[in-house]
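A.B. asks: Could you work out the structure for the sequence below:
(one chain, ligands or ions: 1)
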Amino acid sequence: MKEIKEKIDQSNNIIIVGHVNPDGDTVGAGLALLLGLEKKYPEKRIDFVLQDDVPKNIAFLKGCDRIKKIEDVINPNYDLAIFVDSATIERVGKVAKLIGDIFKINIDHHISNPKYGDINIVKDISSTSEIMYSILKDLDIEITLEMGEAIYLGLVNDTGNFAHSNVTDKTFLVASELMRIGVNNNKIVNDFFKTKSYERMKVLGKALSEMVFVEEKKLMYFYLSFEALKNLNAIKDDTEGIVEELINYSGSEVSLFLREEESGKIKGSLRSKHNIDVNKIAGIFGGGGHIKAAGFTTELSSEEIIKKVVENL
Ligand SMILES: [Mn+2]
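C.D. replies: Numbers count the residues shown, from 1 in each chain. Here you go, the predicted structure:
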């Protein structure tokens, strides 16, 4: 922490980056850090840059309009990069081009993270947002309501509203502290979860009616082609949460959701209910994440992916 503080003190142009297809944890942790550093160091230039748009059900957070896209950055001569919630450098997508060979601080909670930073704060806890809460405290930054809401959304996102096995007494302690400074739990949960589009409901309906259960492996899977997504007028954001629905079946121990991208590549998401390590399974395809939640992208066909997953379970 002392080293991080020194590094921030010495740097005048700081870029905060998060992963592509940003979720509530990347946005929450990055935004809280942006707002916190701006408050403490008003003289410094601090940018939070993401490759992709912030999803609608996250964009209600105050300060979200301050998040930049690559094209908003005119002069990318940064002297410090802070990565949040990004298991690899490649996870930040095209934003990596703005960074190059500068000092990197890596703040993350994915166990697959190879610690690519010059300083690494990688902890196996609920969320990067939970880590960020401690970092802001350690930097003597008073957590405002805006920062608190961002962190709270990160907690809610990555814990499935405090339901996953990554929730600890410490997670609740952070949530409790955030409510104490004024975060409205019910409002954030409603704004985040109960704002699904019509298309998203239809995609979910398709998943639930066409999913396949592999009895001997207790695997529930669903493959969505790009054409099927288009036919429903849906976009990739509308498929968020499908993999979590597939594991809700009482017989499921592991769920797999495969989505074909426009390029033909397939993106896979895995969830485990009890003891199956899906980080390992995702590793077969060059991906990773957590023991109970992981993902990958591959050029293999859906049939080949399913065959390999079944073989390795
Ligand atoms: Mn996360």
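
A.B. asks: Check the burial of the residue lying closest to F296 once chain neighbours are set aside by counting its neighbours.
C.D. replies: For F296, ignoring the flanking residues on the chain, the nearest one in space by C-beta to C-beta, 6 or more residues apart in numbering is G287 at 2.5 Å. Where you see a C-beta, it was placed from the backbone N, CA and C, and this is true even at glycine. Neighbour count for G287, taken as other C-beta atoms under 10 Å: 22.

A.B. asks: ok, now Y223?
C.D. replies: For Y223, using other C-beta under 10 Å, the count is 21.

A.B. asks: shouldn't the residue nearest to F296 be in contact with L300?
C.D. replies: No. Assessed by C-beta atoms under 8 Å, G287 is found out of contact with L300, at 11.9 Å.

A.B. asks: could you pull out the helices for the stretch 1-150 of the chain?
C.D. replies: 2-10, 24-40, 128-138, 145-159 (DSSP state H, counting those that start in this stretch).

A.B. asks: and the shortest one, what does it pack onto?
C.D. replies: In this case it means helix 2-10. Here helix 2-10 touches strand 103-108, strand 119-122, going by 3 or more C-beta pairs under 8 Å, 6 or more residues apart in numbering; DSSP states H and E.

A.B. asks: how much space between the nearest residue to V49 once chain neighbours are set aside and the ion?
C.D. replies: Among residues not flanking V49 along the chain, K68 sits closest, at 4.7 Å (C-beta to C-beta, 6+ apart). Distance, K68 to the ion, using C-beta to the ion, to the nearest Å: 21 Å.

A.B. asks: what do you get for I291?
C.D. replies: Distance from I291 to the ion, by C-beta to the ion: 14 Å.

A.B. asks: and what of S176?
C.D. replies: For S176, the distance to the ion - C-beta to the ion - is 20 Å.

A.B. asks: what's the answer for F296, then?
C.D. replies: 16 Å.

A.B. asks: C-alpha coordinates for whichever helix or strand that residue is part of, CSV please?
C.D. replies: Element membership for F296, per DSSP states H and E: strand 293-298. Presented in CSV, the C-alpha positions along strand 293-298 are these (Å, rounded to 0.1, in the frame of the first residue of the first chain):
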residue,chain,number,x,y,z
ALA,A,293,-17.5,-18.9,-12.2
ALA,A,294,-15.2,-18.8,-15.2
GLY,A,295,-15.3,-18.0,-18.9
PHE,A,296,-13.4,-18.3,-22.2
THR,A,297,-13.4,-17.4,-25.9
THR,A,298,-12.5,-20.0,-28.5
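
A.B. asks: how about whichever helix or strand comes after it: buried residues?
C.D. replies: Downstream of strand 293-298, the first helix or strand assigned by DSSP H and E is helix 302-312. Neighbour-count burial for helix 302-312, counted by 16 or more other C-beta atoms under 10 Å, picks out S302, I305, I306, V309.

A.B. asks: packing partners for helix 302-312?
C.D. replies: Using 3+ C-beta pairs under 8 Å, 6+ apart: helix 302-312 touches strand 219-224, strand 254-260, strand 266-272, helix 278-284.

A.B. asks: Can you give the domain ranges for the protein?
C.D. replies: 2-193, 198-312 (automatic domain parsing).

A.B. asks: What distance do you get for I4 to I131?
C.D. replies: 12 Å (C-beta to C-beta, to the nearest Å).

A.B. asks: same deal with K265?
C.D. replies: Applying C-beta to C-beta, the value for K265 to I131 is 31 Å.

A.B. asks: With D140 instead?
C.D. replies: Applying C-beta to C-beta, the value for D140 to I131 is 17 Å.

A.B. asks: higher neighbour count, those two?
C.D. replies: Taking neighbours as other C-beta under 10 Å, D140 and I131 compare with I131 leading, 23 against 8.

A.B. asks: Hmm, the more buried one is touching I121, no?
C.D. replies: Yes. Taking C-beta under 8 Å as the definition, I131 is a contact partner of I121 at 6.2 Å.

A.B. asks: Apart from its neighbours in sequence, what residue is nearest L270?
C.D. replies: V278 (3.8 Å).

A.B. asks: quick one, what contacts that neighbour?
C.D. replies: Contact analysis of V278 by C-beta atoms under 8 Å, 6 or more residues apart in numbering lists V254, L270, R271, S272, G289, H290, I291, K292, A293, A294.

A.B. asks: what's the answer for S197, then?
C.D. replies: D238.

A.B. asks: For L224, which of the helices and strands packed on helix 2-10 is the nearest?
C.D. replies: strand 103-108 (28.2 Å; C-beta to C-beta).
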